[in-house]
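**Student:** can't give you the sequence, but here's the structure:
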């Protein structure tokens, strides 16, 4: 089936089954490998992307369900001021250990800061719980979110 999906601001036409998960369309068909496969069950958050600005699990979203929504992946996040601030905060706070979960963490943190520009620790925990980090970088993730929120002119 031919489906057109807007990914990172560009309409892309793909020939896939309508029930193919968005994750596999992004990675295998479009060749953008920043979005990671973790569990395939919507339990780890490694595959987090934005669909119309909302953090969603790409592994649990059939391509047909995307419709006319705009999908943003980690590859385009630097084009957004909040996303750019989050990425810089991740670097400044030295968040990454193994790094595998970090694209999903950054995507969810960016969605959080767009919705809640100055989140409390409790608000951060409430939103970020959906993304797991096997290395235990949670304190640095929280610090980076606060750093991005405090960055001038970004949030």
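**Tutor:** Nice, I can see it. Keep in mind that what you see is a predicted model, and the values were worked out from it rather than measured.
**Student:** quick one: secondary structure of the residue nearest in space to the middle of the chain?
**Tutor:** Nearest to the mean C-alpha position of the chain, counting by CA atoms, centre = their mean, stands residue 107 at 2.6 Å. Following DSSP: H, G, I helix; E, B strand; the rest coil, we place residue 107 in the helix state.
**Student:** And for residue 6?
**Tutor:** Under three-state DSSP, the three-state class of residue 6 is strand.
**Student:** per-residue pLDDT, it?
**Tutor:** We have a pLDDT of 98 for residue 6.
**Student:** so what's it bridging to?
**Tutor:** Counting by DSSP bridges, residue 6 is bridged to residue 11, residue 70.
**Student:** check contacts around it.
**Tutor:** By CB atoms under 8 Å, 6 or more residues apart in numbering, residue 6 lies in contact with 12, 68-71. Using the backbone N, CA and C atoms, a C-beta is placed for each residue, glycine as well.
**Student:** List buried residues within these.
**Tutor:** In the contacts of residue 6, burial by neighbour count holds for 12, 71, counting by 16 or more other CB atoms under 10 Å.
**Student:** From the contacts of residue 6, pick the one nearest residue 21.
**Tutor:** Nearest to residue 21 out of those is residue 71 (CB to CB; 12.3 Å).
**Student:** Quick check, the closest one in contact with residue 51.
**Tutor:** Yes - between residue 71 and residue 51 there is a contact at 5.6 Å, judged by CB atoms under 8 Å.
**Student:** Residue 60 touches residue 45, doesn't it?
**Tutor:** No - with contact defined as CB under 8 Å, residue 60 does not count as touching residue 45 (10.8 Å).
**Student:** who's more crowded, these two?
**Tutor:** Set residue 60 next to residue 45 and count neighbours by other CB atoms under 10 Å: residue 45 wins out with 24 against 15.
**Student:** quick one: contacts for that one?
**Tutor:** 38, 57, 101, 104-105, 108, 130-132.
**Student:** Just the buried residues from those residues, in PyMOL please.
**Tutor:** Entered in PyMOL, the line below selects the buried ones among these, by 16+ other CB under 10 Å:
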select buried, resi 38+57+101+104+105+108+131+132
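**Student:** For residue 5, state which of the contacts of residue 45 is nearest.
**Tutor:** Each of the contacts of residue 45 was checked against residue 5 using CB to CB; the closest is residue 57, at 16.1 Å.
**Student:** does that closest one have beta-bridge partners, and which?
**Tutor:** residue 48.
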